[in-house]
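A.B. asks: what would the 3D arrangement of this be:
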Amino acid sequence: KAMLLLKKKRYQEQLLDKTENQISNLERMVQDIEFTQIEMKVIEGLKIGNECLNKMHQVMSIEEVERIIGETQDAVEYQRQIDELLAGSLTEEDEDAILEELNAITQEQMELPEVPSEPLPEKIPEESPAKNRPKPELVAAS
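C.D. replies: Predicted structure coming up:
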């Protein structure tokens with residue numbers, strides 16, 4: 001009887017090991033299926049993204065993008081120049097141009113009107129009517 005019980009115990013242990021292996025395999029399969037579902041969602045997202053990119057490429061050509069970038073760079077440069085002018089900062093080129101213009105002006109023969117050589121007459125200040133008014137007297141309140 002003891003031998004029969006040991007055989008039965010051994011059989012049930014083997015059955016338990018097989019069942020644990022099957023459960024482990026099932027868990028692995030469930031994980032693989034879940035991972036595959038996630039992969040499918042990623043692939044679907046990539047597919048949709050690719051379709052969107054293709055539509056955008058149809059709408060915008062490389063030349064169009066380069067034109068827009070060029071216009072943007074021109075606008076940024078123009079705004080930078082305006083900012084510099086408003087801030088009062090001049091570049092070296094501006095300083096050189098100003099010095100050249102100053103030299104050209106100072107080297108020109110400019111005809112100025114003749115200045116009188118006699119001294120100017122001194123002006124006598126006239127008394128304004130506001131100064132001639134009598135000052136009001138202060139009266140104490142009763």
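
A.B. asks: where along this structure do the helices fall?
C.D. replies: Using DSSP state H, the helices assigned to the chain run over residues 2-59, 62-87, 92-107, 129-132.

A.B. asks: tabulate these (CSV), appending mean neighbour count and distance to residue 113.
C.D. replies: In short, each C-beta sits where N, CA and C put it, glycine included. As requested, the helices of the chain are exported to CSV (neighbours: other Cβ atoms under 10 Å; distance: least, Cβ to Cβ, whole Å):
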stretch, mean neighbour count, distance to residue 113
helix 2-59, 10, 69
helix 62-87, 10, 34
helix 92-107, 10, 18
helix 129-132, 7, 37
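
A.B. asks: export these to CSV and tack on mean pLDDT and distance to residue 121?
C.D. replies: Formatted as CSV, the helices of the chain follow (pLDDT from 0 to 100; distance: least, Cβ to Cβ, whole Å):
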stretch, mean pLDDT, distance to residue 121
helix 2-59, 94, 82
helix 62-87, 87, 46
helix 92-107, 81, 34
helix 129-132, 55, 23
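
A.B. asks: any chance of a markdown table for those helices, columns distance to residue 122?
C.D. replies: As requested, these are exported to a markdown table (distance: least, Cβ to Cβ, whole Å):
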| stretch | distance to residue 122 |
| --- | --- |
| helix 2-59 | 82 |
| helix 62-87 | 46 |
| helix 92-107 | 35 |
| helix 129-132 | 20 |
